[in-house]
Each structure stands twice: as structure tokens, then as C-alpha cells.
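Enquirer: Okay, here's the prediction I keep looking at, along with the sequence it came from:
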Amino acid sequence: MIPVRLKVQNFLCYRDPAVLDFTRFRFACLSGDNGAGKSALLDAITWALWGRARARTADELIHLNQTEMEVEFEFRLGPNQYRVIRRRNRSGRSGTSVLDLQVLTPGGYRSIAGNSVRETEEQIRKLLRLDYETFINSAFILQNRADEFTRKTPSERKEVLAEILGLSLYEDLARLARDRARQAADRVKLLDAQARELEADVARAPDYRRTLEEVEAELRVVQAQLEELEGVLAEVHRLEVEAGRLSACQRDIDRWVVHLRAQRDRLTQASEQRRQDLERVRDLLSRAEEIEAGFTRWEALRREKDRYDALLRELAHLQDAERRLEAGLRNDLQRVERDRSGLLERLRTLREQAAQVPELEERLERLQADRDALEAELALKLGEKRRLVEETQHAISELKAQQANINRQLEDLRRRYEMLRLGTDRCPVCNAPLSPEDRDRLEAQCVEEGLELKRQLQTAQEAARAREAELQRLRQELEQAERDRQRQVEQVNRELGQIEANLRRSRQAAAEISAIQAEVEGLSELAAAIERVLAFDGPEVDPETKAAGQTLRRRPETHKTAAELVKVRIRRRSLGYDGQRHHQVTAELEALQAYPVLKDRLDHARADLPRIEAELADLERQLKENEARLAEQNERLAEVEAQRAALARQIPRVPEFCPRLPEPPVPLELEEALRRVKREADGCLEQKSARRRELDTRRGSLRQLLEDCGRKAAELERVRAERQQTAEEQGLYEELARAFGKKGVPAMVIEAAIPEIQDEANRLLEQMTDNRMHIQISTQRPTQSGDGTIETLDITISDEFGTRNYELYSGGEAFRINLAIRIALSRLLARRAGAQLNMLVIDEGFGSQDSVARERLVETIASIAHEFEKLLVITHLPDLKDRFPVRVEITRGEGGSRITVV
């Protein structure tokens, strides 16, 4: 794998997008201050490829105060160039991750990712043929992890080395060989079971042949019986057809007989009915004079009753109208009374309000006077407060002026004192010559004056503070007094406004009294007029009712209702309805109710007499014709019965091999006898047919079993041959599993690789230590008992002091050992075709070396740089930066870390 380009955003210390172009160098130094983000670039590569870095979780890699990060890594592998893009968003409960694997094509990058992040990570691992642990233990010497390979246990070292050498392929082959051997063993067991089963099946063939011969003999007998039964059923069918024809003929004759008998009954009934009609008509004609006289009296009474019915309907209509109009007037009377009561209550209230006018006027004058006095008193108090505030402000101004004067005196005194302290020989005030004694005396005098002025300044300041506190108190009292004055004045104004409003209402009440009184009197007149109309009962309008009507004109709707009520009562009194006579006419009319019907029947009888006599003669003729046709059908019926008796003698009997039904106690009808024979034959035929089907099925099964025995005999030979071949394959796969196991080919490969790693590490270590140190890697060591050896991967180092285990070295010596072994592993990877890793990254170790050792380390690394496509050395030591042909500088700014190639 050869890196081409790395782009990071919001990854660790890189907030803004940062790009590292690997095509600009082959051997370079990655430098910057501690914490600038050098190792973060290596974390970005491993996180993009395997989703792992130094942090415990992916969310710890996201830049501070950000929710999403992205790393894009491009690399070449063999003839192809790939790009991996991995994103992480920590929003939500568990966050989301996105991983994409792309390959470069002539049209640009094309995605070849799997259906999930896990599948895509597996694709990358198979593509690189490396996992995270193997990568950092061989080509990636991370900070604080230079001893990642050497500090592992011997067994863990062996596993890492096996992964580097691509020996996982042999593990897969060994597992596959063991699976194939296990499958072959299972197959042998299965084939043995199949052979035993086939042998048992083939041994049954003679029994199958003997049973088949018996079944075929019985089939021939059953077939002959079936043919005989089919002949009987054919004859029965022929007889059934003929019997059916005779039955149809018989049914036709029976229908005709039934029809003719029903026709005879109808004609007889109709003839009798016509005789009764003739007698009824002749009876009505004998009562003609009586019926016509009764009908004439009935018509006269009906006309009189119709007139009384009309008068009664009109009377009921007038009574309904009278009740409705009277109810309307009474409702109007109730409304008038309610309005009059309301006005009387209103009149009482207005009179009470009007009586309060003098008292309210007196209270208004008294309260106005109190308000004027209160405003004068409050104005006086506020003026006194304002005067005190002004006096206090004036006193504060004088005290501040006094403080300013004292400060000026102090400043002048301080200037004179400084001049005396500087040793002047002239008086600072009068410019007279001064002796040392005079200068000392003046200095002491200045000190005393200064102290006195400070005491005066402090007194003035305290007085000013007291005055300011007093001013603050007076201002608060003034503000409170103004608020109290405003509140009291507003209270008095509210009371004045209330009294003025009450006074206005009382004066308005006094003005309304006369109008309300007049309205009450008008409502009283309306109530009396309505009561007079309700008392009127006709038949003529009297003067009092006319006067009431004039009064009601004030209310048009009420006047209209009253006028209609008067009209209805006058009409009711003049109607002239006689209820007693109406009842008498109704009763007499009810007694004569039958005569209209009798008159109608009489008229119809006179018209129907000739027709009834003609219809009676025709019915008697039809009865004679019906009797003749009925005799003819009885003769045909006797002929059909004779033919059916002849068919009954031709019914066949079922064969002797068939079961018989019990004999009936009485002879059966033709159809029933045919059905009996058919049931016996059908039952026997069904039994024989079922037996034939059963024998056919049995014969087919036996033939199939014999064919199966033939096939199973051939299958038995094939199974025996396959079992022998599978057993041979099982032995071969077991041998392969042992060969591909840890003690087989992988152990041989490791044994062959150890000298190469050891020689390369010693070559590098000799350059770094002037041939003082040598490495020996052992794959076996004696057991503690001394009676054998065990597989291991121990590292021992020899120097001028002897041979010691790797664990006994520390500091710079341990780093040189780690670096030598790590570079040896990296060079081994570069020469392995299975893992195409052509890069080396060294991220620590120089700080623990002295200057000579560091010089040798740089020279050693530079001497092997040409063997790698990309070799990066990470350091923060200034004296090492210029020793590399290209320098990748990492600096931190406001947008996070930045990358610069120099």
C-alpha cells in the first residue's frame, strides 16, 4: 500500500479541511510542536482504513464543539488506486457512521463498498491483507508504541509474525482440510447406513413376485363378474326407459282426469251460484215499491243533515277564533299591567333620587372647600421640604469648595517638601538662603502643616458625606410628600366626581317624574279598555265597547285583535244553529241507511235477470260435455296399466355372487322393483369395481417395488464404490490438516523467515551501536524439566556485557532494538507478495538518544529510505528537522491545525 492523499476535517485538532499530498515526497520529516497534530494524521489513516485509532471511541476523535468528522484517504495497491471515505456523526443516541470504498477508473472514482460498514471494512481488510494490529506492529511505529511487537509474549509475537508472513492462509487451509475430513467421515457413515438399507430392500424382491402373480389371477375373475353385472344393468336401464315412458303417459292421463274433474266441480258450483242469483233477483223485484219509498225519505233527510253539518263546522271555527283572539287580548292586558307596574317602580325610584338633590349640593360645596384647604396645606409642606433640599445642596457645594482649597494647599505643601528633600539651599517660599538646620526645621514644619491639612480635609469629607446622606434623605422625603399630596388630591377628586355624578342623576330623575306619571295613566286607560272588550258578548256593540275601541287605537295590534273578537262574537250569536234538531235528523238518517244499498241492488236486478237465465243454460250444456271426456281418459288409463304389468314380468335377477336385499312383504310397483334390482347390481358393481381398483393399485405397487429393487441393486453397487473413494479422501484430508497445522508448513515458513529478520535487524543494530549489540531470535527452548523442547519466539541481545533477554533493556538501547526489529519486519513485508506494504512511519524515540545516537539513527533510516515508497519520521526536535530532504510542518491556528510541505 502506497499512500497518495489524505484529507481530514473536524478530526481531533483539525477543524478546517486539511490535505496532505504524499506524491510530493518519498522520504520526509513530519514536525511540529507537541500537541500540534502530527500523530493525529497517522490516527486519521488507521481510522479511515480500520475504524480504529488511539482513542477509545470514535466520538472522542471529533473536534471540540463539532458533531461530525470526515477522513478521506487515497492509496495505490498494485496497479489500482483506491479511495476510502469514512464519516462519523454523533447526533442522536448512538450516532451514525458512513464508510465508502472506491476504485479509480477512467471515468473517475466508482464505489465498490458493501451493503454495510462491517462488510466494507471486511473488503478493505481482504484488499490490504492486513488488520489494524498487524499494521501498527510492522509498518507503523506509533508514539509510545515502538515496542508494540517486542513487548508482546512469545506466543503473541508468533501470531503477529504469522499474520505478517501471510500464514493465515495456512490456517484457513488447515481448517478447510479438517472440515473436508469431517465431511468425508460423515459421508462414510451416511453411505454405510444407505448400503444397509439398500441390502434389506433388495432382499424383498422374491416375495414381491409371488404376491404379484396372486393379484393378477384374482383380477381376471373380478373382470368377468364386472362384465356380467354391466349386462344386467343395461337390461334394467332399458326397462327403466320403457317404464318411464308409460309413467309419463299415465301422469298425462292423470293430469287430464284431475283437470276434467276440477272443471266439472267448477261448472257445478257456477250453475248452483247462478240459480241462487236468479232467486235473489226475483226476491228484490217483489219489494220494489217499499225500497223506492224508503230511498226517497233517506234523500230528504241527507240534504237537511248536510246543512246542519256546515253550520256546526262554522260554529266550531268561530269558537276557535274566539278563544285565540281572547287569549291574545289577555296577553296584551298582562303586558300592559307589567309595563304599568315597572313604571310605578321606576316612578318611586325617581322620586327617591329627586329628594337627594339638596343634600348632595351641600356635600359638594363642603368637599370643594376641604380640597382647597388640603392643597394649601400640602403646598406649604412641600415648599419647606424644597427649601431644606436647596440649603443642603448649598452646604455640600461649600464643603466641596473647601476640600478643593485644602487639596491645593496640600499640593503646594507637597511641592515645597519635595524641594526641601532634594537639598535645596533656598527657601521654597521666600527664596532666602537656608542652612541645614533651617531646612530640617522647614521640613518638620511642612510635615506638621500637612498633617493638619489632612485632618481638615478628612473633617470636610466626613461633613460632605453626612450632608450628602442628609440630601438623599430629604429628596426621598420630598418625593414621598409629593406622592402623598398627589394621592390625597386624587382621592378628594374621586369623591367630588362621584358626588357630581349622583347629583346629575338626581336632577335628571326629577325631570323624568312628570313624563313617567303621564305614561302610567295612559297604561291604566289601556287596561280598562281591554277588560271592557273581553266582557262584550253581543249581539250588538254598546257605547262603552265603542269607547274602549277608540282608546285601543293607541296600540294598533291590540285594537285589531279587539275588533276581530267583537266581530266573531256577533257572528256566533247570529248563526242560528239548532243542535237538538241536528241530532234528531242524524238518528233518523242512520235508521234508513240500508235503503240506498237496496235501491242500487234493485236497479242492478232489473238489468241482470235476462243475462243470468242465459248463463245458467250454457253451464248445463258444458257439464254434459265434461262427463263424456272423463269416460274417455279412464279407458286410456286401463290400457297403460296392462302394459306396466307386462314389463314387470321382464325384470332380470342379479347374479348369485352378489349380496341380496331382504324380500319385501308385499309385491313392489314396477319402478320400485327396477330400483331394487338396480341397487343390488350397483352395490355389487361398486364393490367389484373397488376391488378391481384395489387390485390394480396393488399390482402397480408391486411392479414399482420390483423396479425399485432393480434400481436399488444398482444403487447399492454405486454406494459401495463411493464409500471406498470417500474413505480414501478422508485419509488424504486428515493428512493435509496435519501438514497445514501450526507444526507443519507454517512452522517451516517461520523457521525460514526468522534468520532473515534476525540478519536484517542485526545489520541495522550494528550501524546504530558500532557493532556493540546483536539480536538472536529463538523459536524453541528446552522445557523446565529438560526432557524436551517447546515452541516459542524469544528475543535475546548480546553486547560487551554479555547476553540478556530483551526485557532487561530500557531507554535508548531498548528503542534501538525496537527500531531495528521493526524496520526488519517492514522490509520483510515489502518483500512479501501477499501484503503490499511499501511504507514506514516512525513516530518517536529520538528524544531518548544522545546526539551521536540520534545522528546514527537518522543515517540508518536514510540508508534504507530508498527501499520504501514512503518513509515518514515524526519529531519535534529542532536540530533534526534540517536533516531530512522534505519537511511537513504542522502548526495550529484559529481554524485548527494546518499542514505545510516545505
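Expert: Yep, that arrived. Residues are numbered from 1 along each chain as shown.

Enquirer: Regarding residue 75, what is its secondary structure?
Expert: strand (DSSP: H, G, I helix; E, B strand; the rest coil).

Enquirer: dump the residue contacts of it.
Expert: With contact taken as C-beta atoms under 8 Å, 6 or more residues apart in numbering, residue 75 is in contact with 1-4, 81-82, 84. From N, CA and C alone the C-beta is placed, and that goes for glycine too.

Enquirer: Among those residues, which lie within strands?
Expert: Judged by DSSP state E, the contacts of residue 75 include 2-4, 81-82, 84 as members of strands.

Enquirer: What is the nearest of the contacts of residue 75 to residue 102?
Expert: residue 82 (6.6 Å; C-beta to C-beta).

Enquirer: Read off the pLDDT value for residue 847.
Expert: Predicted confidence (pLDDT) at residue 847: the value is 63.

Enquirer: Output the contacts of residue 75 in a markdown table; the columns should cover distance to residue 469 and pLDDT.
Expert: As requested, the contacts of residue 75 are exported to a markdown table (distance: C-beta to C-beta, whole Å; pLDDT from 0 to 100):
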| residue | distance to residue 469 | pLDDT |
| --- | --- | --- |
| 1 | 84 | 83 |
| 2 | 85 | 89 |
| 3 | 79 | 93 |
| 4 | 81 | 94 |
| 81 | 86 | 94 |
| 82 | 84 | 96 |
| 84 | 78 | 96 |
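
Enquirer: Which of those are buried, as a PyMOL select command?
Expert: The buried residues among these can be selected in PyMOL (16 or more other C-beta atoms under 10 Å) with this line:
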select buried, resi 1+2+3+4+81+82+84
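
Enquirer: which two from the contacts of residue 75 end up farthest apart in space?
Expert: Farthest pair in these, by C-beta to C-beta: 2 and 84, 14.0 Å.

Enquirer: Start from the N-terminal end of the stretch 301-450 of the chain and give the helices.
Expert: Secondary structure of the stretch 301-450 of the chain (DSSP state H, counting those that start in this stretch): helices at 357-421, 436-535.

Enquirer: Throw the ones you listed into TSV and include mean pLDDT, mean neighbour count and distance to residue 158, thanks.
Expert: As requested, those are exported to TSV (pLDDT from 0 to 100; neighbours: other C-beta atoms under 10 Å; distance: least, C-beta to C-beta, whole Å):
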stretch	mean pLDDT	mean neighbour count	distance to residue 158
helix 357-421	80	14	89
helix 436-535	80	14	90
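
Enquirer: Residue 610 is nearest to which of those helices?
Expert: helix 436-535 (73.3 Å).

Enquirer: Could you chop the chain up by domain?
Expert: Listed by the TED database, the domain ranges of the chain are 1-130+844-851+870-901, 133-165+743-834, 327-349+519-567.

Enquirer: Closest one of the contacts of residue 75 to residue 776?
Expert: Closest to residue 776, out of all of these and judged by C-beta to C-beta, is residue 1, at 31.3 Å.

Enquirer: Helix or strand: which one has residue 684?
Expert: helix 670-740 (DSSP states H and E).

Enquirer: and that helix, what does it pack onto?
Expert: Here helix 670-740 touches helix 168-202, helix 205-286, helix 595-648, going by 3 or more C-beta pairs under 8 Å, 6 or more residues apart in numbering; DSSP states H and E.

Enquirer: got those helices as TSV, with distance to residue 519 columns?
Expert: Below are the helices and strands packed on helix 670-740 laid out as TSV (distance: least, C-beta to C-beta, whole Å):
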stretch	distance to residue 519
helix 168-202	119
helix 205-286	83
helix 595-648	69
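
Enquirer: who wins for proximity to residue 12 among the helices of the stretch 301-450 of the chain?
Expert: From the helices of the stretch 301-450 of the chain, taking C-beta to C-beta, the stretch that ends up closest is helix 436-535, at 60.7 Å.

Enquirer: Following the chain past that closest one, name the next helix or strand.
Expert: helix 543-552.

Enquirer: So what touches stretch 247-260?
Expert: Applying C-beta under 8 Å, 6+ apart, the contact partners of stretch 247-260 are 626, 629-630, 633-634, 636-637, 640-641, 644, 671.

Enquirer: Just the closest of these to residue 796, please.
Expert: residue 671 (119.5 Å).

Enquirer: May I have the distance across stretch 99-117, first residue to last?
Expert: 6 Å (C-alpha to C-alpha, to the nearest Å).

Enquirer: which outside residues touch that stretch?
Expert: Stretch 99-117 is contacted by residues 51, 80-87, 97-98, 119-124, 127 when judged by C-beta under 8 Å, 6+ apart.

Enquirer: and with 7 Å instead?
Expert: 80-86, 97, 120-121, 123-124 (C-beta atoms under 7 Å, 6 or more residues apart in numbering).

Enquirer: most centrally placed residue in the chain?
Expert: Nearest to the mean C-alpha position of the chain, by C-alpha atoms, centre = their mean, lies residue 92 at 17.3 Å.

Enquirer: In which helix or strand does it reside?
Expert: Counting by DSSP H and E, no helix or strand carries residue 92.

Enquirer: Residue 38 is nearest to which of the helices of the stretch 301-450 of the chain?
Expert: With C-beta to C-beta as the yardstick, what comes closest out of these is helix 357-421 (61.6 Å).

Enquirer: and the angle from that closest one to helix 436-535?
Expert: Between helix 357-421 and helix 436-535, the angle comes out at 160 degrees (axes from the mean of the first three to the mean of the last three C-alpha atoms, to 10 degrees).

Enquirer: Show me where the stretch 1-150 of the chain has its strands.
Expert: 2-9, 18-21, 27-32, 68-77, 80-89, 96-105, 108-111, 140-141 (DSSP state E, counting those that start in this stretch).

Enquirer: of the ones you listed, which approaches residue 730 most closely?
Expert: Using C-beta to C-beta as the measure, strand 68-77 is the one of these that comes nearest residue 730, at 39.9 Å.

Enquirer: from the chain's centre, how far out does the closest one sit?
Expert: For strand 68-77, the distance from its own C-alpha centre to the chain's C-alpha centre is 37 Å (C-alpha atoms, centre = their mean, to the nearest Å).

Enquirer: Which helix or strand in the chain has the lowest average pLDDT?
Expert: strand 140-141 (a mean of 68; mean pLDDT, DSSP states H and E).

Enquirer: and the residue nearest to the centre of the chain, what are its phi and psi?
Expert: Backbone torsions of residue 92, given as degrees, to the nearest 10, read phi 90, psi -170.

Enquirer: ok, it to residue 533 distance?
Expert: Going from residue 92 to residue 533 by C-beta to C-beta, to the nearest Å gives 91 Å.

Enquirer: cool, and residue 441?
Expert: With C-beta to C-beta as the criterion, residue 441 and residue 533 are 135 Å apart.
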